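Colleague: Build the 3D model from these lines:
(chains A and B)
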Amino acid sequence: MKNNIIILGGGQAGIYAAREIRQNDSKSNIKILGKENLLPYERPPLSKDFLLDKKKEEDLYFHSSEVLKNENIEFENISINKVDFENKKLFSKNDNVYSYDSLLISTGSENKKLTLDNNLKNDIYYLRNLEEAKKIKEIVSNKNKITIIGGGFIGLEIASSLSQLQKKVIVIEIGNQLMGRIIPKQIADLVQNTHIEHGNEIILNKQIEKITKKNGDYEILLNDNSLIETDFIIAGIGSTPTVKLFENTNLKLDNGIVTNQFCETSIKDVYAAGDVSNFYHPFYERNMRLESYQHAQNHGICAGKNIAGVKTEYTSIPWMWSDQFNLNLQLTGICDEYDEIIERGNDINNGVIYFFLKNNKIRGACGVGIIGKVGRDIRITSKLTEKDTIVDKQILSDQNLKLNKLIQK
Amino acid sequence: MSEENWIEVGTTDSIEEEDLIRFDHQDKTFCVYKLTDGFYATDGICTHEAVHLEDGLVMDDEIECPMHQGIFNIKSGEALSPPACEDLKTYPVKVDNDKIFIKID
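Modeller: Predicted coordinates:
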């Protein structure tokens, strides 16, 4: 039977779902509706190699239009502004109607915005999409002293790139450590030292009271009455799932679209994947929402299988990375459920990893080191976590002992 | 093919099974692997971003980049998992008297 499958959201989860559906179903119509007039592209380089001019726009696309054409996947640039789940229809602004048999929602997430005076709204820049990255890249070429509001991954990656472009960078973070939402303080402090060594100024524990425009530049007043003068401001203060379209519908929402381990939502034939989905993880026996490259890809693939009728549980152990200066930081699993922490290494040149254990099994780990130094161990850790292995703590804590000894085949 | 294209990279006992060594020659870096059925060689730098694969994880017939988990088949060089999309170049390997040689073009 030929079905109409619509994928709402033209990001990474959407494109991977589309290709996975096609692999399992040669007949159905597959259409991606994307808000940006661009084929799905990789976002991680936007804050790094794209700003540094090491990657161009054409390097970012997951697949060419040829690939989509060959696989008979349609892509349409359109904004949907109404959903009728009962009659399985989507409506665009100009009243185009899109009927579906199965719907995947992969609308992603959007940046939180600072609450500011209206006259400053256009003065603060955010980075999520290619258009914003292009704007920032163009403008910073004429700026020297740049302030980043928010010391999370995105802010710090931008800070690292701008420093490499010889800019004076100040990072203001409200919390008492960088990347505080998910990264252990010990690791955050190592990253902070690297920023400082490269000349970036890191201000912790400070709130912004007021931003004033002055002759084209800005004055930022902090809650300790200190004043920062700057000529450009970028904010990275977190994100929220893109669910506005569904707020007055029957779709169950709670920090995103609630889905089970099969990417199914509360409405039949409606699936959700990627950043927008608050999904049930059977291994951790709880719901979670993740914003990462690996998750968008694997969750999209899993949704694609389920939409095509290949019932598949999503059991991927979370994994994410951040590259700042010559550091590569990696996180696997979850690091907020533990009864013991084990440390491996203490020198950033050889890599430092913190393992979070519960009942002698790894639940998650976070590591940082010069590029290449923690990846292998973090990957092995993901496998140990997935296999629910009881680990030898002596091996975990001794960098001279190889972790792959712990993998039981 | 002339004999001088075969370059000695080490001895067979210098690599543990399911592991690799890095070998630098002139301005190029290679990885030489010991898998259950023999020795293999590829370029030593990931095709995604310039990071050495020597720190990557060898599992079965695959090498996984330590930076972003791009995965390549060691025997064919095929890029198996994003973000890697460009294949890794592979090189012929031979063993002679416990010495490993790779053929560089």
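
Colleague: next one: stretch A:119-128 to chain centre, how far?
Modeller: Taking CA atoms, centre = their mean, to the nearest Å, one finds stretch A:119-128 lying 20 Å from the centre of the chain it belongs to.

Colleague: quick one, what contacts the closest residue to chain A within chain B?
Modeller: The minimum distance from chain B to chain A, using CB to the nearest CB, falls at B:Pro66 (2.6 Å). Any C-beta I mention is one placed from the backbone N, CA and C, and that applies to glycine too. By CB atoms under 8 Å, 6 or more residues apart in numbering or on different chains, B:Pro66 lies in contact with A:Asn328, A:Gly372, A:Lys373, A:Val374, A:Gly375, A:Arg376, A:Arg379, B:Val51, B:Leu53, B:Asp55, B:Gly56, B:Leu57.

Colleague: change it to 7 Å
Modeller: A:Gly372, A:Gly375, A:Arg376, B:Val51, B:Asp55, B:Gly56 (CB atoms under 7 Å, 6 or more residues apart in numbering or on different chains).

Colleague: Distance of the residue lying closest to the second one once chain neighbours are set aside relative to B:Leu35?
Modeller: Nearest-residue entry for A:Gly375: B:Pro66, 2.6 Å, with adjacent residues in sequence omitted and distances by CB to CB, 6 or more residues apart in numbering or on different chains. Distance, B:Pro66 to B:Leu35, by CB to CB, to the nearest Å: 19 Å.

Colleague: Same question for A:Arg19.
Modeller: 30 Å.

Colleague: Burial check on whichever residue of the stretch 151-300 of chain A sits closest to chain B, number of neighbours?
Modeller: Nearest residue of the stretch 151-300 of chain A to chain B (CB to the nearest CB) works out as A:Gln297 at 6.3 Å. Residues near A:Gln297, counting by other CB atoms under 10 Å in any protein chain shown, number 22.

Colleague: I figured it was touching A:Gln12, is that so?
Modeller: Yes - with contact defined as CB atoms under 7 Å, A:Gln297 counts as touching A:Gln12 (5.8 Å).

Colleague: Need the contacts of B:Pro66 in TSV (columns: distance to A:Glu264 and neighbour count).
Modeller: Below are the contacts of B:Pro66 laid out as TSV (distance: CB to CB, whole Å; neighbours: other CB atoms under 10 Å in any protein chain shown):
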residue	distance to A:Glu264	neighbour count
A:Gly372	39	20
A:Gly375	33	25
A:Arg376	35	21
B:Val51	38	21
B:Asp55	39	22
B:Gly56	36	26
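
Colleague: between these, which is closest to A:Ala303?
Modeller: Closest approach to A:Ala303 among these (CB to CB): A:Gly375, at 27.2 Å.

Colleague: Format the contacts of B:Pro66 as JSON lines; extra columns: secondary structure and pLDDT.
Modeller: Formatted as JSON lines, the contacts of B:Pro66 follow (DSSP: H, G, I helix; E, B strand; the rest coil; pLDDT from 0 to 100):
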{"residue": "A:Gly372", "secondary structure": "coil", "pLDDT": "87"}
{"residue": "A:Gly375", "secondary structure": "helix", "pLDDT": "92"}
{"residue": "A:Arg376", "secondary structure": "helix", "pLDDT": "92"}
{"residue": "B:Val51", "secondary structure": "coil", "pLDDT": "86"}
{"residue": "B:Asp55", "secondary structure": "helix", "pLDDT": "89"}
{"residue": "B:Gly56", "secondary structure": "coil", "pLDDT": "92"}
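
Colleague: can you name the two of those residues that are farthest apart?
Modeller: Maximum distance among those (CB to CB): 11.7 Å, for A:Arg376 and B:Val51.

Colleague: what residues does the stretch 251-400 of chain A put near chain B?
Modeller: Neighbours of chain B within the stretch 251-400 of chain A, by CB under 7 Å from any CB of the partner chain: A:Gln297, A:Trp321, A:Asn328, A:Ile371, A:Gly372, A:Lys373, A:Gly375, A:Arg376, A:Arg379, A:Ile380.

Colleague: how about 10 Å then?
Modeller: Counting by CB under 10 Å from any CB of the partner chain, the residues of the stretch 251-400 of chain A close to chain B are A:293-294, A:297-298, A:319, A:321, A:323, A:328, A:330, A:351, A:369-380, A:382-383.

Colleague: same question, the stretch 1-150 of chain A
Modeller: Along the stretch 1-150 of chain A, the residues adjacent to chain B under the rule CB under 10 Å from any CB are A:Gln12, A:Tyr16, A:Glu42, A:Pro44, A:Pro45, A:Lys48, A:Asp49, A:Lys54, A:Lys55, A:Phe62, A:His63.

Colleague: Ranking by neighbours, what's the top pick from those?
Modeller: Result: A:Gln12 is most packed of those (other CB under 10 Å), 28 neighbours.

Colleague: That residue and A:Ile21: what is the separation?
Modeller: Distance from A:Gln12 to A:Ile21, by CB to CB: 15 Å.

Colleague: State the number of residues packed around A:Asn96.
Modeller: Neighbour tally, A:Asn96, other CB under 10 Å: 12.

Colleague: Contacts only, for it.
Modeller: The contact partners of A:Asn96, by CB atoms under 10 Å, 6 or more residues apart in numbering or on different chains, come to A:Leu33, A:Glu76, A:Ile78, A:Ile80, A:Leu90.

Colleague: What separation do you get for it and A:Lys35?
Modeller: Look at A:Asn96 and A:Lys35: by CB to CB, they are 14 Å apart.

Colleague: residues touching A:Glu132, list them.
Modeller: Residues in contact with A:Glu132 (CB under 10 Å, 6+ apart) are A:Leu46, A:Asn111, A:Tyr125, A:Tyr126, A:Ile234.

Colleague: Show the subsequent helix or strand relative to the lengthiest helix in chain A.
Modeller: Secondary structure of chain A per DSSP state H: the longest helix is helix A:293-307. Sequence-wise, the next helix or strand downstream of helix A:293-307 (DSSP states H and E) is strand A:319-324.

Colleague: and that following strand, which strands flank it?
Modeller: Here strand A:319-324 is paired, per DSSP bridges, with strand A:327-333 (antiparallel).

Colleague: residues of whatever helix or strand comes next after the strand it pairs with that come out buried?
Modeller: Sequence-wise, the next helix or strand downstream of strand A:327-333 (DSSP H and E) is strand A:340-347. Residues A:Ile342, A:Arg344, A:Gly345 are the ones in strand A:340-347 that count as buried (16 or more other CB atoms under 10 Å in any protein chain shown).

Colleague: Convert the C-alpha atoms of the first helix or strand past strand A:340-347 going along the chain to CSV, please.
Modeller: Counting by DSSP H and E, the next helix or strand C-terminal to strand A:340-347 is strand A:351-358. Output in CSV follows, covering the C-alpha atoms of strand A:351-358 (Å, rounded to 0.1, in the frame of the first residue of the first chain):
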residue,chain,number,x,y,z
GLY,A,351,43.2,13.1,28.8
VAL,A,352,41.1,13.2,31.9
ILE,A,353,37.9,11.2,32.4
TYR,A,354,35.4,11.0,35.2
PHE,A,355,33.3,7.9,35.3
PHE,A,356,29.9,8.0,37.1
LEU,A,357,29.0,4.6,38.5
LYS,A,358,26.0,3.1,40.2
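
Colleague: Hey, what's the angle from strand A:351-358 to strand A:327-333? Just curious.
Modeller: Interaxial angle, strand A:351-358 versus strand A:327-333 (axes from the mean of the first three to the mean of the last three CA atoms, to 10 degrees): 10 degrees.

Colleague: Beyond strand A:351-358, next helix or strand please.
Modeller: strand A:361-370.

Colleague: Can you mark which positions in that next one are buried?
Modeller: Neighbour-count burial for strand A:361-370 flags A:Ile362, A:Arg363, A:Gly364, A:Ala365, A:Cys366, A:Gly367, A:Val368, A:Gly369, A:Ile370 (criterion: 16+ other CB under 10 Å).
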